[in-house]
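# Next comes the sequence, and after it the predicted model I'd like to discuss.
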Amino acid sequence: MKIYKKLMMLGLFAVSPLTYATSGLVFIHGTGHQTDALSDYWTREFVDSVRQGAASPDNYLVINCDFDQYMWDDAAAGCLAGQLTQFIDSKNINDLTLLTHSNGGNVVRWILSNPTWDSRYPKIINATSRVIALAPSSGGTPLADAVTQGNVFETSLGWLLGYGSDAVKQQQVSWMSSYNNSWLYGTSGRPALPSPFEVVVGSDVDSAFWDSDSYCAGYQYQVALETTQNWLDDCSDGFLECQSQSAAGSVWFKDIQRTAGKEPLSHQQSRRACFNLDTLIRDLI
């Protein structure tokens, strides 16, 4: 301590290196054109619960962008970059946690993987400390192929995927494989992302009407997702197969390993306060 005080007097340590560390938390939605993601995508309950774990709970932002576009589009990554940059600048953020869901993880990976694409990207990359990716569609989904090809599921999946949007086309399995091999970091054989990309994997869907757990985040969505699950591997959240969710970054945990009652998280439930997911994230950050 005496040595530290002497160094302070000499001006070698004017302040503690942690003094100017300002944390921020950002909620980034998945596919869809959001104008009120706080209410329509996440819910106030989930956001308010999660942000209580942040160093500065009031330094948070809920993104509203048009993620019906290709991830690199100005309405998608461009919009996200604009809102992140404004947040970073207005709050002097240099310790940024990004919480993504589904296709939001792809938009974030685009920014983190392509620093020369947009002059705003380097600032975002430098400020980002970690990404917590909830059920990311890193490897795409066969359901996007089905919708793009005009399959009968197009109508029933409209609430989840949109109707033939560019974002849906992008999430076809072969298309995501191409992007992962050429434009995006974080998958096997590719450069690592500049920040940890920690994944929560949803592994199943429960829709038994007698089970109260099936009603978390809306029973009707559970029924729909259990139907679409028939088109996917045994390990899936009704929209994404587990291997797709874990294709980029590292797996933080598979739902049943840590959720209350070892309950699985459907694709709808992985963005809501279901089975203590919000508490797990809050404790991590």
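Good, I have the coordinates. Residues are numbered from 1 along each chain as shown.
# Now do stretch 189-201: everything it contacts.
The contact list for stretch 189-201, computed with CB atoms under 8 Å, 6 or more residues apart in numbering, reads 105, 109, 112-113, 125, 128-136, 138, 180-181, 184-186, 237, 242, 245-246, 248-255, 265, 270, 277, 284. To be clear about C-beta, it is placed using only N, CA and C from the backbone, and glycine gets the same treatment.
# And for stretch 26-35?
With CB under 8 Å, 6+ apart, stretch 26-35 has contacts from 37-38, 40-42, 47, 50, 60-68, 80, 84, 87, 96-105, 107-108, 137, 160-162, 165, 167-168, 171, 271.
# swap in stretch 39-54?
Outside stretch 39-54, the residues touching it (CB under 8 Å, 6+ apart) are 23-25, 27, 29-30, 32, 34, 38, 57, 60, 62, 97, 99, 101, 271-273, 278-279, 281-285.
# Do a quick rundown of the helices in the stretch 151-285 of the chain.
153-156, 158-161, 166-170, 173-182, 219-228, 242-245, 277-284 (DSSP state H, counting those that start in this stretch).
# Grab the most central residue of the protein for me.
residue 100 (1.6 Å; CA atoms, centre = their mean).
# Go through stretch 58-75 and flag the buried ones.
59-73 (16 or more other CB atoms under 10 Å).
# Let's see it as CSV, backbone CA atoms only.
The C-alpha coordinates for stretch 58-75 follow below in CSV (Å, rounded to 0.1, in the frame of the first residue of the first chain):
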residue,chain,number,x,y,z
ASP,A,58,-29.8,1.3,-15.3
ASN,A,59,-27.2,1.2,-18.1
TYR,A,60,-29.2,-1.1,-20.4
LEU,A,61,-30.7,-0.9,-23.9
VAL,A,62,-33.4,-2.9,-25.7
ILE,A,63,-32.7,-3.0,-29.4
ASN,A,64,-35.4,-2.4,-32.0
CYS,A,65,-34.3,-3.1,-35.6
ASP,A,66,-35.5,-4.8,-38.7
PHE,A,67,-34.0,-8.3,-38.5
ASP,A,68,-36.3,-9.5,-41.3
GLN,A,69,-33.4,-8.4,-43.6
TYR,A,70,-30.1,-10.1,-44.3
MET,A,71,-27.8,-9.8,-41.3
TRP,A,72,-25.4,-7.3,-43.1
ASP,A,73,-28.3,-5.1,-44.3
ASP,A,74,-28.3,-1.5,-43.1
ALA,A,75,-31.7,-2.1,-41.5
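# re earlier: I'd like the helices of the stretch 151-285 of the chain as a markdown table, with mean neighbour count and mean pLDDT appended.
As requested, the helices of the stretch 151-285 of the chain are exported to a markdown table (neighbours: other CB atoms under 10 Å; pLDDT from 0 to 100):
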| stretch | mean neighbour count | mean pLDDT |
| --- | --- | --- |
| helix 153-156 | 15 | 56 |
| helix 158-161 | 19 | 56 |
| helix 166-170 | 21 | 93 |
| helix 173-182 | 16 | 98 |
| helix 219-228 | 19 | 91 |
| helix 242-245 | 23 | 98 |
| helix 277-284 | 18 | 98 |
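# any chance of the ones you listed in CSV, with distance to residue 260 too?
Shown next, in CSV, are the helices of the stretch 151-285 of the chain (distance: least, CB to CB, whole Å):
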stretch, distance to residue 260
helix 153-156, 30
helix 158-161, 25
helix 166-170, 32
helix 173-182, 32
helix 219-228, 17
helix 242-245, 20
helix 277-284, 9
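# and of those helices, who's closest to residue 117?
helix 173-182 (13.3 Å; CB to CB).
# out of the buried residues of stretch 58-75, who's nearest residue 202?
residue 67 (18.9 Å).
# List the residues that contact the closest one.
29-34, 76, 103-104, 107, 167.
# So which of the residues you listed wins on neighbours?
residue 104 (33 neighbours; other CB atoms under 10 Å).
# for the nearest residue to that one once chain neighbours are set aside, phi and psi?
Excluding its sequence neighbours, the residue lying closest to residue 104 (CB to CB, 6 or more residues apart in numbering) is residue 28, at 4.0 Å. For residue 28, the backbone dihedrals are phi -120, psi 110 (criterion: degrees, to the nearest 10).
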